[in-house]
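1. starting from these lines, generate the structure:
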Amino acid sequence: MRLTQPRLTDDSVLRQRLVLVTGPSGAGRSTAINTLEDAGYEAIDNLPISLLPRLLENGVSDRPLALGIDARNRDFSTKGLLELLDNYSLSGDQAIEVLYLDCSTEVLLRRFSETRRRHPLAPSETPEIGIQREQDLLVPIRACADILIDTSDMSPHELRAEVEQWYAAEKSQKLAVSVHSFSYKQGMPRGIDMVFDCRFLQNPYWQEDLRALNGLDKAVADYVAQDKRYDDFFSKVCDFSEMLLPAYIEEGKAHFSIGFGCTGGQHRSVAVAENVSNVLAKAGWQVSTRHREIERRTRTSSGTKLGKTA
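-> Below you'll find the predicted structure:
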């Protein structure tokens, strides 16, 4: 559930909510666009990126915008879209965010087989080649998504309900909170609002029986929590977050991201991020959790994604 009305900034300039909807072909972008349109958004699908500045140059509309971005568009480029996100995140009258619809390779293959459609990025080749090509192209955009929904196990009805939960105007005013874990070696994720460094906690990596595990495993989480500084750190982070989140709703933010980093992004940051996510979810916040390095390893080894929405 999220705040969907445009907001007034301190200088009384109205900001328009702009949602870019993207993801691999077959993941459900059309369903999401239609859902947003039914929720009161002005929806435009398959808009060339080069036309977006012209669309926005006439100023702010009284309706939020939902734009479908398709990798098959003739002027689509990952670099161009990332530059656009940077430009409009730093300035402008639009509060821009990315809704990324993900799906496992296996399910995408099944969907293309069921519909007997050719993949748009491999019209004369197998759908599997096109799926892999598109997934590789979208990796940087997926990494900077504000909301990521895995549609692998969702029916169109379930996807519609999930999108409505995040974006429908009639829902209660709540902030969408995303909690990320990451490795400092790989750099901080894009767009993180608040970051906590977990490298001071004892490192499970140096325990031979824990090294191959990650922070989602109980043994690792218990080991991290045994650090004498953990309880104080964890309680202060939770108290600090729960103090700030209502203030950001009042300020008009629709989305707030919290990052936890450690050396490898596998043990300490994952364990802390999971525990903070659970506390915030139990407190009634709509929370999505992302473990970037684990997702990357899992995607490399099996083409699947690890993540959850609480």
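2. CA atoms only: put stretch 240-248 into PDB for me.
-> What follows is stretch 240-248, C-alpha atoms only, in PDB (Å, rounded to 0.1, in the frame of the first residue of the first chain):
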ATOM      1  CA  PHE A 240      15.200   4.900  14.300                       C
ATOM      2  CA  SER A 241      13.400   3.500  11.300                       C
ATOM      3  CA  GLU A 242      10.000   3.400  12.900                       C
ATOM      4  CA  MET A 243      10.500   7.000  14.100                       C
ATOM      5  CA  LEU A 244      11.400   8.200  10.600                       C
ATOM      6  CA  LEU A 245       8.900   6.300   8.400                       C
ATOM      7  CA  PRO A 246       5.800   8.200   9.600                       C
ATOM      8  CA  ALA A 247       7.700  11.500   9.100                       C
ATOM      9  CA  TYR A 248       8.400  10.600   5.500                       C
END
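3. list the buried residues of it.
-> 241, 244-245, 248 (16 or more other CB atoms under 10 Å). The C-beta positions use only the backbone N, C-alpha and C, and glycine is treated the same way.
4. those helices in the stretch 201-310 of the chain, which residues are they?
-> For the stretch 201-310 of the chain, applying DSSP state H, counting those that start in this stretch gives helices covering 218-225, 230-251, 268-282, 292-302.
5. what do you get for the stretch 51-200 of the chain?
-> 52-56, 78-90, 105-115, 127-143, 156-167.
6. closest one to Leu201 among those?
-> helix 127-143 (24.8 Å; CB to CB).
7. now that closest one: buried residues?
-> In helix 127-143, counting by 16+ other CB under 10 Å, buried: 127, 130-135, 138, 141-143.
8. pLDDT of that helix, averaged?
-> The average pLDDT for helix 127-143 rounds to 84.
9. hmm, who's touching that helix?
-> 22-26, 71, 78, 81-82, 98, 100, 102, 105, 108-109, 112-113, 117-123, 148, 189-190, 292, 303 (CB atoms under 8 Å, 6 or more residues apart in numbering).
10. quick check: PyMOL command selecting the buried ones in the residues you listed.
-> In PyMOL syntax, the buried subset of those is picked out as below (16+ other CB under 10 Å):
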select buried, resi 22+23+24+25+26+71+81+98+100+102+105+108+109+112+119+121+122+148+189+190+292
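11. follow-up on the earlier one: to Asp222, which of the helices of the stretch 51-200 of the chain lies closest?
-> Of those, the one closest to Asp222 (CB to CB) turns out to be helix 127-143, at 29.7 Å.
12. distance to Leu210 and pLDDT added to the buried residues of stretch 240-248, as a markdown table?
-> Below are the buried residues of stretch 240-248 laid out as a markdown table (distance: CB to CB, whole Å; pLDDT from 0 to 100):
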| residue | distance to Leu210 | pLDDT |
| --- | --- | --- |
| Ser241 | 27 | 93 |
| Leu244 | 33 | 93 |
| Leu245 | 32 | 92 |
| Tyr248 | 36 | 86 |
